[in-house]
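# When you get a sec, could you give me coordinates for this:
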Amino acid sequence: MEPEILIVDEVLAVGDAEFQNKAIGKMQDVSKTEGRTVLFVSHNINSISRLCSRGLVLENGKMLFDGEIGAAVENYLSIGGEELISSFVPEPQGNVEIELIEAFLKDEEGRLLPKINSVLSNFVVEYKLRFKTFILLPHLTISIRNYKEEVVFFSDRMDDLNSPKMQAPGDYLVKVNFPQPLLKPGRYYVSFGIVNKDNSKTNHFRSVLSFELVNTTSTRDNRSGYIFKPLEWRVVKS
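Numbering: from 1, shown residues only. Modelled structure (predicted):
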């Protein structure tokens, strides 16, 4: 029996990675090769984004949104009670040589970043580290992910060769400026990587800060890609 509409309810909530990959492959075959409709019920944002072209957002049995899958995911995240986080204080990390003490998202005036920000407003990632011993080669990274968990921007300390050295024991305040416009409208998550290259010990903090960018001045957010940086176009009649 091959129904025209196949309903798949939270199939990715069970099974190992191999089973989940097979399930995704089967759903893609059914919808694309066999031309049947798959109604995929899930909270897995990444899989929904990969498999679906249209999304419906439900709450308490009522439909709140029906439309293109990217817009549906953004709607789900905005009403799903997910807290946007502009400050983070981790639990004590025990036996690590470089400890993350705290991290913040701030505006240019040093205030905590509002939950909703303009794509034209600069922001700063600020965090404090504690070096517990002398470290010859510390390596620091920041990555920004979108709601699909894709890395859309990455920077490490080597981007600024003029930054002061951090080697001796003590506390250090790190500030990384993000000049806008850079990212297109959407919700983003900030991750930190802390590596002691002397012995390759790592300390990672994934998606511990979050913010949302909006654009009210144009329709540029409908363009493809993730970068929002306007470029200079020079035209010379030849």
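
# where do the strands sit along the chain?
For the chain, the strands defined by DSSP state E cover 5-9, 37-41, 54-59, 62-68, 87-88, 98-106, 116-118, 123-131, 138-145, 151-156, 170-178, 186-196, 201-214.

# For my notes, please list these in TSV and give mean pLDDT for each entry.
Converted to TSV, the strands of the chain look like this (pLDDT from 0 to 100):
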stretch	mean pLDDT
strand 5-9	76
strand 37-41	82
strand 54-59	88
strand 62-68	89
strand 87-88	95
strand 98-106	96
strand 116-118	75
strand 123-131	95
strand 138-145	95
strand 151-156	94
strand 170-178	95
strand 186-196	92
strand 201-214	89
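
# Mind putting those strands into JSON lines with distance to residue 23?
All C-beta atoms are positioned from the backbone trio N, CA, C, and that covers glycine. What follows is those, written out as JSON lines (distance: least, CB to CB, whole Å):
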{"stretch": "strand 5-9", "distance to residue 23": "8"}
{"stretch": "strand 37-41", "distance to residue 23": "10"}
{"stretch": "strand 54-59", "distance to residue 23": "19"}
{"stretch": "strand 62-68", "distance to residue 23": "24"}
{"stretch": "strand 87-88", "distance to residue 23": "34"}
{"stretch": "strand 98-106", "distance to residue 23": "37"}
{"stretch": "strand 116-118", "distance to residue 23": "36"}
{"stretch": "strand 123-131", "distance to residue 23": "37"}
{"stretch": "strand 138-145", "distance to residue 23": "24"}
{"stretch": "strand 151-156", "distance to residue 23": "25"}
{"stretch": "strand 170-178", "distance to residue 23": "38"}
{"stretch": "strand 186-196", "distance to residue 23": "26"}
{"stretch": "strand 201-214", "distance to residue 23": "25"}
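
# Adding mean neighbour count and distance to residue 75, write those strands out as a markdown table.
Converted to a markdown table, the strands of the chain look like this (neighbours: other CB atoms under 10 Å; distance: least, CB to CB, whole Å):
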| stretch | mean neighbour count | distance to residue 75 |
| --- | --- | --- |
| strand 5-9 | 12 | 20 |
| strand 37-41 | 14 | 16 |
| strand 54-59 | 15 | 5 |
| strand 62-68 | 12 | 4 |
| strand 87-88 | 16 | 26 |
| strand 98-106 | 19 | 23 |
| strand 116-118 | 15 | 15 |
| strand 123-131 | 19 | 24 |
| strand 138-145 | 19 | 19 |
| strand 151-156 | 14 | 20 |
| strand 170-178 | 13 | 26 |
| strand 186-196 | 20 | 11 |
| strand 201-214 | 17 | 12 |
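
# how about these, which one is nearest residue 74?
Nearest to residue 74 among the strands of the chain is strand 186-196 (6.8 Å), distances taken as CB to CB.
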